[in-house]
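Peer 1: Need coordinates for the following:
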Amino acid sequence: QLQPVESGGGLVQAGESLRLTCAAPDHKVAWYAFTWFRQAPGKEREALACISMNGVRTNYSNSARGRFVITKDNARNTVNLQINTLRPEDTGRYYCAASNIDCAHKIDFWGKGTLVTVAS
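Peer 2: Next comes the predicted model:
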């Protein structure tokens, strides 16, 4: 069973950039579609970006489009989320999730998340 493992979170200053990484131990990222979610303090978890199994197609939420970039690195077996020009409202726990089918389909596996705190 896939257990995505997120890393790269931490305390950053507003305006900086950050790259989050999702690893898939003992699995291949090419076998799944991956979605990054964010849960801000006191808010519901929201989907930010998704990348298809073959890495060709990506989808972004309105709140993520323009500053967030999702990529899949088959050689390193990781899925990455680049966040540019960080804002305090980007603070939250970021989760990596995988689907056996495709983006916008049922999530089958969840990571435990990595915490991002953006200081103003």
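
Peer 1: Quick check: the gap between the residue positioned nearest the centre of the chain and residue 102.
Peer 2: With distances taken as Cα atoms, centre = their mean, the residue of the chain nearest its centroid is residue 36 (2.8 Å). In this view, residue 36 and residue 102 are 15 Å apart by Cβ to Cβ, to the nearest Å. The C-beta positions use only the backbone N, C-alpha and C, and glycine is treated the same way.

Peer 1: Going by secondary structure, the nearest residue to residue 73 once chain neighbours are set aside is in what exactly?
Peer 2: Excluding the flanking residues, the one nearest residue 73 by Cβ to Cβ, 6 or more residues apart in numbering is residue 80, at 6.5 Å. Taking DSSP states H and E as the criterion, residue 80 maps to strand 78-83.

Peer 1: And that strand, what's buried?
Peer 2: Within strand 78-83, the residues that qualify as buried are 78-81, 83, counting by 16 or more other Cβ atoms under 10 Å.

Peer 1: Run me through the strand neighbours of that strand, direction for each.
Peer 2: strand 18-23 (antiparallel), strand 68-73 (antiparallel) (DSSP bridges).

Peer 1: would a markdown table of those strands with mean pLDDT, mean neighbour count and distance to residue 107 be doable?
Peer 2: Output for the strands paired with strand 78-83, formatted as a markdown table (pLDDT from 0 to 100; neighbours: other Cβ atoms under 10 Å; distance: least, Cβ to Cβ, whole Å):
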| stretch | mean pLDDT | mean neighbour count | distance to residue 107 |
| --- | --- | --- | --- |
| strand 18-23 | 98 | 19 | 13 |
| strand 68-73 | 97 | 18 | 15 |
